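Novice: sharing a sequence plus its predicted fold:
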Amino acid sequence: MTARALLASPTPPAQVAAEELRRAYDWVPLDEAEQVVALGGDGFMLQTLHAMLERRRIIPVFGMNLGTIGFLMNDWRLEGLDERLVRAKPFRVSPLSMTATTVDGEQCVLPAINEVSLLRETRQTAKLEVTVNDRVVLEELVADGMLVATPAGSTAYNLSANGPILPLGSALLALTPISPFRPRRWRGAILPEKTRIGIRVLEADKRPVSAVADQREIREVAQVHVAIDHMRDLTLLFDPEHALDDRITMEQFIA
């Protein structure tokens, strides 16, 4: 049998469910596991995946929803976990790598599973220059910000900003403006995942901008570079009847 570890968010429902699972099944410490079962919501799933990226030990994760939306999770059930894990369908998720340089010259490299977003820090709009594969494609975007989303993250902040839903496995990225003012008619772009995206903050001292990789923020950035990182691909496990690609497809028909 595959050695598996159990992780649970600190919320009461997840903790109660974890106790039930500990009594019903065998578990090993995380460092000895070949799979992880994660209990909680989408936020806890992202925390679990980011912890793996930081430890540089990546193993498949089967999530069960004990949060709110649970887009990245399977349904919670105590019974039949062994059979569910055997039948689970794997989905590979490629994270983004964000390299952010601050106005003081400090550089930080962070992974992002859902999206990298740039956001204005004050009441003044941000002014951004955008490059694609080192070619300037927008000399000046005036907006509240912009984001780069993966297919797995395209139904999160990207969708709220009127960005496109990207099918899982599409090998695409969404480049989406946040409340754009100029140019008036530009509403974003869909790019091949191999694209290198650069964003330079214009008037950075007067119009400060922060960069956020999922939940981690770097303040007062001068420029940001974003690219896919296939060297650290993640694997999520889903019940065949409740797979992530189906959920992403169905999101397009929700009014």
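Specialist: Great, that's in hand.
Novice: now for the strand ranked longest in the chain, which elements pack on it?
Specialist: The strand that spans the most residues within the chain, counting by DSSP state E, is strand 135-149. Applying 3 or more C-beta pairs under 8 Å, 6 or more residues apart in numbering; DSSP states H and E, one finds that strand 135-149 contacts strand 115-120, strand 126-132, helix 157-160, strand 172-182, strand 197-202. C-beta here means a position set from N, CA and C on the backbone, and glycine is covered the same way.
Novice: right, and the ones you listed - which one's nearest residue 71?
Specialist: helix 157-160 (10.6 Å; C-beta to C-beta).
Novice: could you give me the buried positions within the closest one?
Specialist: 157-159 (16 or more other C-beta atoms under 10 Å).
Novice: ok, now stretch 21-37?
Specialist: 21, 27, 30, 33, 35-37.
Novice: and which of those residues is nearest residue 173?
Specialist: residue 36 (26.8 Å).
Novice: bridging residues for that closest one?
Specialist: residue 5, residue 61 (DSSP bridges).
Novice: if I read this right, it contacts residue 59, doesn't it?
Specialist: Yes: assessed by C-beta atoms under 8 Å, residue 36 is found in contact with residue 59 at 6.1 Å.
Novice: can you tell me the average pLDDT over stretch 233-252?
Specialist: The pLDDT scores in stretch 233-252 average 77.
Novice: picking up where we left off before, if you compare the helices and strands packed on strand 135-149, which one is most tucked away?
Specialist: strand 115-120 (a mean of 23; mean count of other C-beta atoms under 10 Å).
Novice: CA atoms only for that strand - export them in PDB, please.
Specialist: The C-alpha trace of strand 115-120 is given here as PDB (Å, rounded to 0.1, in the frame of the first residue of the first chain):
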ATOM      1  CA  GLU A 115      -1.500  33.800 -10.400                       C
ATOM      2  CA  VAL A 116       1.000  36.600 -10.100                       C
ATOM      3  CA  SER A 117      -0.700  39.900  -9.700                       C
ATOM      4  CA  LEU A 118       0.500  43.500  -9.700                       C
ATOM      5  CA  LEU A 119      -1.600  46.000  -7.700                       C
ATOM      6  CA  ARG A 120      -1.400  49.700  -7.100                       C
END
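Novice: which strands or helices does that strand pack on?
Specialist: strand 96-102, strand 126-132, strand 135-149, helix 157-160, strand 209-213, strand 221-228.
Novice: a markdown table please, covering those and showing mean pLDDT.
Specialist: Converted to a markdown table, the helices and strands packed on strand 115-120 look like this (pLDDT from 0 to 100):
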| stretch | mean pLDDT |
| --- | --- |
| strand 96-102 | 97 |
| strand 126-132 | 97 |
| strand 135-149 | 97 |
| helix 157-160 | 91 |
| strand 209-213 | 97 |
| strand 221-228 | 97 |
